[in-house]
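Q: Output the structure for:
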Amino acid sequence: MNNKQTQTFELTEDFIELIKLIKFMGLSETGGQAKLLVENGVVTVDGEVESRKRRKIRKGMVVVVNGETVKVI
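A: Predicted structure coming up:
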């Protein structure tokens, strides 16, 4: 059973770049680690593997990194 929690991120601007969101939410310690997560194909956006590090993440999107879910509101 998956016991990892879903986090929410409240977006106050139009968008946030994917790697910035990963780092801000504590899913990686550094921006470099966030880039590697994306390059290694362990990040999905709305259920699709995402390879663009600077993908614009907007309200309503769901990002999953290594089983950790972030809903952007």
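Q: okay, CA-based contacts and neighbour counts for the rest of this
A: Noted.
Q: Please enumerate the helices of the chain.
A: 18-24, 31-39 (DSSP state H).
Q: Would you reformat those as JSON lines and include mean pLDDT, distance to residue 73 and mean neighbour count?
A: Shown next, in JSON lines, are the helices of the chain (pLDDT from 0 to 100; distance: least, C-alpha to C-alpha, whole Å; neighbours: other C-alpha atoms under 10 Å):
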{"stretch": "helix 18-24", "mean pLDDT": "97", "distance to residue 73": "13", "mean neighbour count": "21"}
{"stretch": "helix 31-39", "mean pLDDT": "97", "distance to residue 73": "21", "mean neighbour count": "17"}
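Q: what would those look like in TSV with distance to residue 71?
A: Below are the helices of the chain laid out as TSV (distance: least, C-alpha to C-alpha, whole Å):
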stretch	distance to residue 71
helix 18-24	11
helix 31-39	17
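Q: Any idea which of the ones you listed gets closest to residue 61?
A: Proximity to residue 61 (C-alpha to C-alpha) singles out helix 18-24 among the helices of the chain, at 10.9 Å.
Q: now that closest one, how far from the centre of its chain.
A: Relative to its chain's centre, helix 18-24 lies at 6 Å (C-alpha atoms, centre = their mean, to the nearest Å).
Q: No further questions, thank you.
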